[in-house]
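Peer 1: return atomic coordinates for the entry below.
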Amino acid sequence: MAKARIDDAVGAAAVRDATTAIDGGESAPRTVTATAVRWLLQVMADAEPGATVEVRVPPFGAVQFREGLSHTRGTPPNVVETDAATFIRLATGRLTWPDAVAQALVSASGSRADLTGYAPVRLPA
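Peer 2: Sure, this is the predicted structure:
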């Protein structure tokens, strides 16, 4: 069964609400955060299809993206994991990949587990 896609207007609205909360030092409602994270992951995977890198944002979602060698079972060799607020900040350009790594806000393993050039996410028009 295919996963339900999040409509771009719904996803963009959730990202706006979540970033407003994050920028204000607060947390967005869980449903807003979940929608924002899942939509940003969806946009990332749409822009760079493949299965070389897995990005995990527990408990909200995970996506595989980037062309190259892929895996079929178990944990992929290239994994990025972070919390929802950090992922939203990365995906919207409020935080750079080098800063996230330097501040230990992400866990990245594997030679291709680097989101430079993929974050911020190129949002649909």
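Peer 1: please count neighbours and contacts with C-alpha atoms only from this point.
Peer 2: Will do.
Peer 1: confidence score at the most centrally placed residue in the chain?
Peer 2: Per CA atoms, centre = their mean, the C-alpha nearest to the average position across the chain is that of residue 41, at 4.5 Å. At residue 41, the model reports a pLDDT of 97.
Peer 1: correct me if wrong: it contacts residue 63.
Peer 2: Yes - the pair residue 41 / residue 63 is scored as a contact, 6.1 Å apart, by CA atoms under 8 Å.
Peer 1: any common contacting residues for the two?
Peer 2: Residues touching both residue 41 and residue 63 (CA atoms under 8 Å, 6 or more residues apart in numbering): residue 55.
Peer 1: residues touching residue 123, list them.
Peer 2: By CA under 8 Å, 6+ apart, the residues touching residue 123 are residue 43.
Peer 1: for stretch 108-125, measure first residue to last.
Peer 2: 30 Å (CA to CA, to the nearest Å).
Peer 1: what's the answer for stretch 37-55, then?
Peer 2: Stretch 37-55 has an end-to-end distance of 11 Å (CA to CA).
Peer 1: and the strands in the protein?
Peer 2: 53-57, 61-65, 79-82, 106-109 (DSSP state E).
Peer 1: buried residues in the third one?
Peer 2: Pointing back at strand 79-82 there. Going by neighbour count (16 or more other CA atoms under 10 Å), the buried part of strand 79-82 is 79, 80, 81, 82.
Peer 1: how far away is residue 107 from residue 67?
Peer 2: From residue 107 across to residue 67, the span is 21 Å (CA to CA).
Peer 1: actually, residue 116.
Peer 2: 15 Å.
Peer 1: and if you look at residue 7?
Peer 2: 25 Å.
Peer 1: again, but for residue 112
Peer 2: Distance from residue 112 to residue 67, by CA to CA: 11 Å.
Peer 1: between residue 7 and residue 67, who's got more neighbours?
Peer 2: Shown here are residue 7 and residue 67; by other CA atoms under 10 Å, residue 67 has more neighbours (12 against 9).
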